[in-house]
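**Student:** this one's structure only:
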């Protein structure tokens, strides 16, 4: 399983999210390295299809269920909209669900 955390330097949420992501990996029984990938320019953001910082992908797929409908790539701080409000990190359920789907696909 490939875990990628994409971010840009001005976005503080990726560092705050890392400890929680590690907890979710342990909770989900996932033994995988987190590849932290810095996006440095708007051109990089477009090429990487970077939907703001932080972006978490499992096996190349964004954990946000609505990410596939978006094209607003850029160097911005990402806000995840949920029924509970807005957060700087994806919902635990999305992350654990992505781990589960990746296991089934392999």
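**Tutor:** Arrived safely. All values reported here derive from a predicted model rather than from experimental measurement. Numbering: from 1, shown residues only.
**Student:** Which elements pack onto the helix or strand encompassing residue 43?
**Tutor:** Under the criterion of DSSP states H and E, residue 43 resides in helix 42-48. Secondary-structure packing of helix 42-48 (3 or more C-beta pairs under 8 Å, 6 or more residues apart in numbering; DSSP states H and E): strand 74-77. C-beta coordinates here come from the backbone N, C-alpha and C atoms, glycine included.
**Student:** what about 6 Å?
**Tutor:** Judged by 3 or more C-beta pairs under 6 Å, 6 or more residues apart in numbering; DSSP states H and E, helix 42-48 is in contact with no other helix or strand.
**Student:** now the helices for this structure?
**Tutor:** 13-27, 42-48, 92-105 (DSSP state H).
**Student:** Name the residues linked to residue 61 by a beta bridge.
**Tutor:** For residue 61, the beta-bridge partners are residue 58 (DSSP bridges).
**Student:** let's number from 50 now, not from 1
**Tutor:** Taking 50 as the first residue, the last one we looked at is residue 110.
**Student:** If you count neighbours, what's buried in the lowest-mean-pLDDT helix or strand in the chain?
**Tutor:** Least confident helix or strand, the chain: strand 129-131 with a mean of 85, by mean pLDDT, DSSP states H and E. Neighbour-count burial for strand 129-131 flags residue 129 (criterion: 16 or more other C-beta atoms under 10 Å).
**Student:** quick one: the residue nearest to the spatial centre of the chain and residue 87, what's the gap?
**Tutor:** Compute the mean C-alpha point of the chain, and by C-alpha atoms, centre = their mean the closest residue is residue 105, 1.3 Å away. Remark: distance between residue 105 and residue 87 (C-beta to C-beta, to the nearest Å) = 14 Å.
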